[in-house]
Structure formats: structure tokens, C-alpha cells
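1. Show me the folded form of this:
(2 chains)
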Amino acid sequence: MLIAIAALVATAAVLPAVARRWGRAAFAVGSVVVLATLGLALVRYTAGYRTESLAWAPVAGLEFTVRLDALALLMTVLVSGIGAVVLAYFTRYASRGEEGIGRDAAVLVLFAGAMLGLVLADDVLSLYLFWELTSICSFLLVGGNGLKGEARRAAKQALLVTILGGLAMLLGLILLGTAAGTFRVSELVASPPGGGVAVAGIVLVLVGVFTKSAQLPFHPWLPAAMVAPTPVSAYLHAAAMVKAGVYLVARLAPAFAERPVWWVPLVVIGLATMVLGGWRALRQHDLKLLLAFGTVSQLGFLLVLLAVGTYTAALAGAALLLAHGLFKSALFLTAGVIDTRAGTRDVRELSGLGRRWPLLAACATLAAASMAGLPPLVGFVAKEAAFKAFTHADPRSALVLVGVLAGSVLTVAYTLRFLIGAFGGRGAEPGEVGRPGVVLTTAVAVPVAASVVLGVAPGVAELLAGDYAGVFGAATYHLELWHGFTPPLLESAIVLAAGYLLYRRTAAATRAGAALPGVLDAQRGYRAAVVGLEALARGVTSRLQTGSLPAYVGIILVTVIGVPAVGLLTGPIEQLSPRAWNSALQLPLTVLALAAAATVPFARRRLTAVLLTGLVGYAIGGVFLVVGAPDLALAQVLVETLTLVVFVFVLRRFPPAFRRVERESPLRHRTRLVVACAGGAFVALLTLVFSSLRERPSEAGAAYVASAKDEAGATNVVNAIIVDFRALDTLGEITVLLVAATGAASLGLAARSARRRALPTADGDRGQREDEEVTA
Amino acid sequence: MTERQDWEQWDLPTEAWLRSERGSEGWPRSLQLEVTVRVLFPTVLVFSVYLLLAGHHAPGGGFSGGLVAGLAFVLRYVAGGSVELASAARIKPPAVIGAGLSVAVLTALVPVAFGHPVLASTHWEWHVAGFGDVKLATNLFFDIGVYLLIVGLVLDLLRSLGAGIETRDLEREQERERRRAEEERR
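-> Predicted structure coming up:
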């Protein structure tokens, strides 16, 4: 299965080029590749394939293991199946020659690859990596081309919230992994760690789950992300991103389901989100927003089912996971058709679409019926199982059942609102409504057909769902369309009837909902948090970064003197036996360096000071050469030259002479003098101690010298160390160089662009709007 | 028609070998320096490549080689300002930096495809008749990445600190002239 992930990433890399050449066909290419990964997964699973491992850094014990079990396959069906449908749909959703086709296609396929990696990964670090990759993909997809302020804000909110949770989760996973002594997920689940560390780890992991799956109070990012193109929303909601949190709960539930620290937060927050999401959905006029709050609600339901750890609940959860992916993708794709072809998705403006597009309306009705829990659809089968799981006499089950029933009533009500809002009405509109077209209708019909098939033959869904639920105990319940006259059937009937009544009274309900106090508005909380964080950052920065170079250098020097000096003075110092010189040439070079250094403080002009400092550097380079380190000498001389050049560039902007120091207070002047002298003296002492402590080459050095020729193919040991033995260090260093260069270039160029923006130019008003957005 | 023109103009220089005297910006120019640097430039670049390749057995390597190549560009810039630099390097510096890091990272990852750990290296030796022994160590590619990154880094410095400041001076000068013209009008 590694090859499937690699194939998706590779496809994503070439899709922009495909899109430049062939336009919308890029989506079709992506769709075929994604579908192929699904086929591969099914073939491999039936062939009994289980794990595969790629050791990418065996020395550090880091390897990437993929594992294909029932849960992973279930998720793969969602990720790849719905991914293929969404990409196929996108070929007609995007208009011909539209900007951004290559970007959207590539990021969507990469998204599918990341989700596939996430559900297949069997070690927590890879899992985390893919988890964050999905966050980044959704950021890119929601943000689009970055020109719309609303899209940028939504993308940033999604990124901030989910990355915050992701970091908490990473911490939690590391705690759990360290406590269990293994970073393999399967081993972690088989022998879960205990104790306080595990409790902290679980709580942190749950923070990640709640942010990713848009649970209270982190949910507003999901409705805000509705600015994305509808196929993206469909994928985000039905198969990717938010399902990652649900997946993680399903994956870890066998280990932790019995601990209150696991199930209490999941059940409480899940139920609260389910009810609140349903309630908010009932008040929306925008079809996509309605569905978005519906997803929030359904995600809460899924978390509750998957968290409690009984066979029936897990079976219902897995079945609902599948059902939700199918009906939600179909409904979102329907909303997308309405949006592009009818020009609006506001339920107050839509009318009569049902009679114009009977086929699409029929598909959407079936999908909505699955969402509401009507037979003979898979949504009904899953919901029956869910009711059954909590229809017990104990108080915990009864409380959960009440919450689940309330949430389901709301689900029925907002389903009716969606369906009648989208397709109802007499249709007095003028005939400017386009036709949905074959591809779009088929893309909606495919998941609907799957919902019907799984509903009529629930045994197919149970193959996977039952296999997953098997870890919680023996099979005591089966997914069936008809169980006879049982309490769950009665509950279903009550839910449907109550939901219908609630829908009829939506006007009253909306008025009541409008009275929701502002304190409960989570979006306001997010804004306050971001503003507070920015204020904190500003406060800290303005106190630490005063902008005074002498102050910075002084602090650095005092730290350099203070911290190692304690070690130097308290540690054992053997007698210092410095040799005066190794080579007679050292003497004139040292005298030169000393003389240059001693002259620097007396320089009046900045350029003189810089040149004298350079002279010190060159003299030291000469010393390196004399004592037998030509590599070091070469680097020293080159860097010194470059530094001089850079200095000269910068000095062009400064007045030629130093500011006269008489205006400065004598105390300050003296402090600087003391700090500078102490710093110099201390570093000299340190060098003396270090150089006299080493009497012969270290063991590591000797080993490098011995193995350079054979292992690195180099006789120059310095170079062998840089590019071979310690190549990872070099890689890190050049990355730092890259970051530093980018930062320096940005600083150097920033002032210019800022001034340019202020100038009254043709695009001046655009720049101004940009500024307003930043301050807002 | 156009082909005929092309044929007649095939030996026209595509770029000015030296900039004309009518430079738009106020950079004090020295013809001697500019010509000398133009002559030296390729030699210094070849030397930097020598340093890169010789690094395995003699002082040098990607870091030193990259710095020498970067200094070659510095010379061009010092001699003729940002216009001269632009004619010496047409690729954008961030692209060079990115290419360098990409080469290094890819070199690090390639061994994984052959079942070796990250950053593993190997080397081969051949005997080429009439030429001598040729040796290739895979870590040379890592060094090439370092070389590219350093060259890009120096170019970036020149762009932001050198050319950037220069442009700023120009802008200020233009601003001053504009104001003077306005005052005169009044």
C-alpha cells in the first residue's frame, strides 16, 4: 500500500503540468488514480495483505509502517471512493479555462494521499505527519488563490485551530508512546499504558480529535470553510479532514474505551455538539451552511458511537461512518449543482427546481432520506443499530439515548429544510436555470446508489463494520433492514414524527434560536483568542526587541560570560600548559591580529572599523593556514571577504563617521567598556583552557580519519565529515541558511514594498483595502 | 520577410557586451574595473567548480566553492551595479537556493529507494583508458546542493542588501527631484 500513497503524491506533482496542457482533464486523471488506489486496497485486503514497512532511518529506529485492517479499509473506501467521485464531479464543476484548476486538482489528490497515509499508518509519528498534511491541504484548498479576504480568513482559522489541536495531539501521542514503550499504533492498542501520564496523553489526543472533527467549542472553522469550492467542501466533510478525528477515536477506542477520561469528554462533547449543530443547521438559509452544521452534528454522533466501546455501538459507528460519507457527499454535490446551475444556494430564493431536475431531485431525496434515517437506506440501518446500542436500562445509556434521540429529531428537521428548501416550491422562476448535465448527476447518483445497495443488503457493510467491532466482543447484533417490532423501530418512528413536527414549526424554532446568547457564540471566542494572542505577541516583542544593537550584543556577551564561567570556575581545571607557538610564522600573524584589534576602538569612521575587523579575520585565517588547516583557512578567508562586502553594502546607508560618544552618560560608557573587555578576556581564557585540555586527537576524530577513504571515498577528512559522516548536520545548517537568507531578503525588500504601497499608484486602492483587512 | 531579416541580423550581438555610457542610474563606473571583471568572471567560476570537485581530496568543497562563485557575482555587482549583476545571473536567487536544498534533500532520500538508510553514500572507481582513474562518490551530489545553496544565498544578499538599497537610493533621489520640480513650478 506504500505504492498507493507514493502514486498519489507523484500524481499530485504532475497534475499542474497536466492542467496547463489539458485543462479540466487533470481532474479526470486524478480521479482515475485515486480510484486505482481503492482497487489496489480491495485486492490486497482480500489477498490477506496486512502490513508493510519502510525503514527510512533505521539507526534512529524510525520506520514507516502501513497496516490494512478492516477499519483502515473502511476509511480507504471512503477516502478513495468519494475522492474519485469528487474529482470526477470537479471536471464539470470547474468552468473551462478557469484559473486554479491545476492547483485544486493537485492539492485534492495530495489530500487523498495524505488521508490514505493517515488511515494506513501504524506508527504514531507518521500518523501525526499525515494528520498535519491534511490540515495544510485543507488550508490550501479553502484559501484558493488567496485573493478573497473571506477565503483567507477561513483558511487561516481552519489552519490555526487544527494545527493547535495537532500539536496537542503530537504531545499526547508521544506521552502515550513513551509510557507504552512503543510508537506502533497496533502495539499501543494491544497493551495500552496506564497511570497519570496516560491520562494526560489521552486528554491531549482528545484535544486534537475535537479540533480536527469540529467539535464544541472548536467547530466554527468548519462552517467558515464553506467559502471553498463545493467539491472541496464535499470531500472535506464526507471523507477527509474531519473524518480524521473520528478515525483516530475509532482506532484508539479498543485501548481506552473503559476509562472515564476517554469516554466522558467524548460522549458529553459529542452529544452537545450533535444537538447544537443540529439546532444551528435548522436556522441556516444557505444550503452549504445548513449541511456544514449538519456535519458538525453528525460528527458528534459518530464520536459518541465510536467512543463507548461496545460491540453494537462500534458496529453502528462504523456503519454510520460509511453512511455519512455517502449521503453527505451526495448532498454537497447536489448543493454544488444548484449553486452553479441556478446561481444561488439560498433557500429563500430557490423554487421549483424539483420539477426541472427530477433525476437530481430524486437522488438528493434518497440521500436526504439516508441522512434522516428512513428505510431502506443505509442511514436507517446504522441509526437503528445506534438506537439499539443505547436502549439499555442503565442510567448512562438512558442519558446518552435521550441526547442521541434529540439530535436525531433535529437531523430529520434540518433534512426536511434542506430538501424542501432546495427542490420545493411551485417554480415561478424565469427559465434561466441551466441543466445539471450527465457527469454532475452521475457523480451525485453514485454515492446514492451505494447508499441504497448497502441499505438493502446491509451484510456488505457488516463485512467491514462487524470485523472492526469484533475487537469489542462477540457479535450480538446484526445490521438488518427489518428486525421485527423492536424498541429501536419505535424510536425511529418517534424521531421521524417529531422531526416533521419540528420542521413545521421551524419559524418558531428559528425565533427561539435567535435568542441564543452571544457568550455561546464560539466564533466570537475564536476571534477574542486570536486578538489576545496578537496583543500578547506585540507586548512581548516590544519589550524584548528594543531595537538597540548595543543592548542585544551586551545581553549576548553577558550570557556568554555568565553561563560557561560558572562551569569553568567550579569544574576541575588541570594545569594549563599552553605551548607558545607551533610555527614561527604564527608570531607575526598574531601580532597583526592584535594590532588590528587594538586599533578598532580608535576608529572614527565606520568603514575603517570594518576594514580593521576584517584584517583580524584574515590574520586568523593565516594562522589556520600556518598550523595546518587549509580547509578552515579557505572558508575563513572567503567568509571574511563576503562579510566585508555585506558590511560595505549596509554602510552605504549610514553616515560615514560614528556618532560622537560625548553625549552619552559616562556610566553607560563605562558599562559597555567593562562588558566588552570581560567578554574578550573570557573567550580568550576559554580558548586557552580548551586548547590545552586536548592533548591527542579524540576517538571520534581518529575514527573519521580511519574510515574516510573507505566509507566516504574522500581523503580530505574535513569534507568527508561535512558531506558524509555528519551530512544530516550539514542539511540542517543549510536549511538554517535558507531561512536566514529568506528572512534577510524579506527585511531588505520589505521597506521598499511598504513605501511602494503607500505611493498613490494605479493599484493604490487595492493596497489600501489590503491594509484595512490586516488591521481588521 | 522575417526570415530574411533574421538571416541578415544573425550575427548581431543579442546583448551588449558592455553597457553603453548612457547609464540611467548614478553609479560611478570604471571601465577598467568592468572589463577586468568581465574577463575574470568565467575563470573564477571555473575555479569555484574546481574547488567543488576537488573537495574530496584537497581543500575545497561545496561551501568554499559556492562562496568563490558567489564572490564572482559580487565582483560583477561591485563593478557595474545591479544592471551588471542582472546580466550575469538571470535566474532568481530564491530559485537557486531552493534548487540547492532540493538537490541535497533528494540526494539524502535516494538511498532509501535502494533499501539503504537516509544519507547513505557509496562510491565507484573506473579506469578510463588514456585518461586515468575516475572516481565518483554519491556524496558529491550533496556537495553540489550545498554549492548551489551558497551561490543562491550570496545572490540573494546582493539582491536584497545591494540592489535593494540601491533601488531605495534611486527612489529617494527621484522623490527629491520630483519635489524640486514641484517647487520650481510654484
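
2. From now on I want contacts and neighbour counts done on CA atoms only, so please keep to that.
-> Will do.

3. Which helix runs longest in chain B?
-> In chain B, taking DSSP state H as the definition, the longest helix is helix B:62-88.

4. Other residues contacting the following helix or strand past that helix?
-> Counting by DSSP states H and E, the next helix or strand C-terminal to helix B:62-88 is helix B:93-113. With contacts defined as CA atoms under 8 Å, 6 or more residues apart in numbering or on different chains, helix B:93-113 is touched by A:56, A:731, A:734-735, A:738, A:742, B:117-121, B:138-139, B:141-153, B:155-156, B:159.

5. ok, back up a step: would the longest helix of chain B count as contacting chain A?
-> Yes. Counting by CA under 8 Å from any CA of the partner chain, contacts between helix B:62-88 and chain A involve B:Phe63, B:Ser64, B:Leu67, B:Val68, B:Leu71, B:Val74.

6. Name the nearest residue to the residue nearest to the spatial centre of chain B, sequence neighbours excluded.
-> Geometric centre of chain B, nearest residue: B:Ala89, 5.1 Å, by CA atoms, centre = their mean. Spatial nearest neighbour of B:Ala89, chain neighbours left out: B:Phe73 (8.0 Å); criterion: CA to CA, 6 or more residues apart in numbering or on different chains.

7. dump the residue contacts of the one you found.
-> So B:Phe73 contacts B:Phe41, B:Leu85, B:Ala88, B:Ala89, B:Leu155 (CA under 8 Å, 6+ apart).

8. Can I get these in TSV including pLDDT?
-> As requested, the contacts of B:Phe73 are exported to TSV (pLDDT from 0 to 100):
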residue	pLDDT
B:Phe41	93
B:Leu85	79
B:Ala88	79
B:Ala89	79
B:Leu155	90
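
9. any idea which of the residues you listed is closest to A:Phe390?
-> Nearest to A:Phe390 among these, counting by CA to CA, is B:Leu155 at 67.6 Å.

10. Name the SS class of that closest one, please.
-> Assigned with DSSP: H, G, I helix; E, B strand; the rest coil, B:Leu155 falls in the helix class.

11. doesn't B:Leu71 make contact with it?
-> No. B:Leu155 is beyond contact range of B:Leu71, at 9.2 Å (criterion: CA atoms under 8 Å).

12. Comparing those two, which shows the higher neighbour count?
-> Neighbour count, other CA atoms under 10 Å in any protein chain shown: between B:Leu155 and B:Leu71, B:Leu155 has more, with 28 against 24.

13. hang on, the earlier thing: measure the residue nearest to B:Ala89 to A:Pro458 for me?
-> Note on B:Phe73: its distance to A:Pro458, by CA to CA, to the nearest Å, is 71 Å.

14. Next, the buried residues of stretch A:254-269.
-> Neighbour counts over stretch A:254-269 (16 or more other CA atoms under 10 Å in any protein chain shown) mark A:254-257, A:261-269 as buried.

15. what's that stretch in contact with?
-> Contacts to stretch A:254-269, defined as CA under 8 Å, 6+ apart, come from residues A:188-192, A:199, A:202-203, A:206, A:215-216, A:300, A:303-304, A:307-309, A:400, A:471-472.

16. Output it as PDB, nothing but the C-alphas.
-> Provided in PDB are the C-alpha atoms of stretch A:254-269 (Å, rounded to 0.1, in the frame of the first residue of the first chain):
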ATOM      1  CA  PRO A 254     -10.300  -0.500  21.900                       C
ATOM      2  CA  ALA A 255      -7.500   0.600  24.200                       C
ATOM      3  CA  PHE A 256      -9.100   3.300  26.200                       C
ATOM      4  CA  ALA A 257     -12.900   2.800  25.900                       C
ATOM      5  CA  GLU A 258     -13.300   1.700  29.500                       C
ATOM      6  CA  ARG A 259     -11.500   4.800  31.000                       C
ATOM      7  CA  PRO A 260     -13.700   7.700  32.100                       C
ATOM      8  CA  VAL A 261     -11.100  10.200  31.000                       C
ATOM      9  CA  TRP A 262     -11.700   8.800  27.400                       C
ATOM     10  CA  TRP A 263     -15.400   8.300  27.100                       C
ATOM     11  CA  VAL A 264     -16.800  11.100  29.400                       C
ATOM     12  CA  PRO A 265     -15.400  14.000  27.300                       C
ATOM     13  CA  LEU A 266     -16.100  12.300  24.100                       C
ATOM     14  CA  VAL A 267     -19.700  11.400  25.000                       C
ATOM     15  CA  VAL A 268     -20.500  14.800  26.600                       C
ATOM     16  CA  ILE A 269     -18.900  17.000  24.000                       C
END
